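Engineer: Sharing a model that was predicted from the sequence below.
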Amino acid sequence: MRPVALALVFLLAGGAASLSADPGIDLRFQDVEISSVFRVISRLAGKNILLGKEVRGKITLDLSDVDPMQAIHLVAAVNKHKVLVRNNIVIVGNPETIAFVRGAGNVKIIPLRYGDAAELAEKLNRLYKGKIEVVADERTNSLLITRGK
């Protein structure tokens, strides 16, 4: 992402962030949606991020010279969320969501262009009860599908 676009993201998020020559970052946000904070930090960390639908609310923070991944873990912990890193993807959610993704082993992520992920997940879970488990990520309008237990 170009520096101008990244600066625009910070302004739209209602906060300030900077990346210095060392690996530490500075973050200052007041009463900002937690999902926006995670998106900014993930950009600075150079990671993709997937947030569970339960990752909501507002946060105020003032961090100086912290590692971007440490910041993600701190923000998640303060909000009683867990973090799972797979390859270059950071997954943030409640313990149940993380356990589902971690234990699934073979998770298929299907982004949807049309249709509502939550509605489709509900229908697929009823139709294939016990054979597959489907979780909807409403933020990205994606389905996470794994074999049933």
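Structural biologist: Okay, I see it.

Engineer: Name the SS class of Ile109, please.
Structural biologist: strand (DSSP: H, G, I helix; E, B strand; the rest coil).

Engineer: tally of neighbours for it?
Structural biologist: Using other Cβ atoms under 10 Å, the number of residues around Ile109 comes to 14. Where you see a C-beta, it was placed from the backbone N, CA and C, and this is true even at glycine.

Engineer: residues contacting it?
Structural biologist: Going by Cβ atoms under 8 Å, 6 or more residues apart in numbering, Ile109 touches Leu50, Ser142, Leu143, Leu144, Ile145.

Engineer: Recalculate using a threshold of 10 Å.
Structural biologist: By Cβ atoms under 10 Å, 6 or more residues apart in numbering, Ile109 lies in contact with Leu50, Ile89, Val101, Val135, Asp137, Thr140, Ser142, Leu143, Leu144, Ile145.

Engineer: wait, doesn't Glu138 sit right on Ala121?
Structural biologist: Yes: with contacts defined as Cβ atoms under 10 Å, Glu138 counts as touching Ala121 at a distance of 9.5 Å.

Engineer: neighbour-wise, which of those two wins?
Structural biologist: Neighbour count, other Cβ under 10 Å: between Glu138 and Ala121, Ala121 has more, with 20 against 14.

Engineer: What helix or strand is the more buried one located in?
Structural biologist: helix 117-127 (DSSP states H and E).

Engineer: Tell me who's in contact with Ser35.
Structural biologist: So Ser35 contacts Ala13, Ile49, Leu51, Val55, Arg56, Gly57, Ile59, Val92, Arg139 (Cβ under 10 Å, 6+ apart).

Engineer: Report pLDDT for the closest residue to Glu138 other than its chain neighbours.
Structural biologist: Using Cβ to Cβ, 6 or more residues apart in numbering and skipping the chain neighbours, the partner closest in space to Glu138 is Lys53 (4.6 Å). Confidence at Lys53, expressed as pLDDT, is 89.
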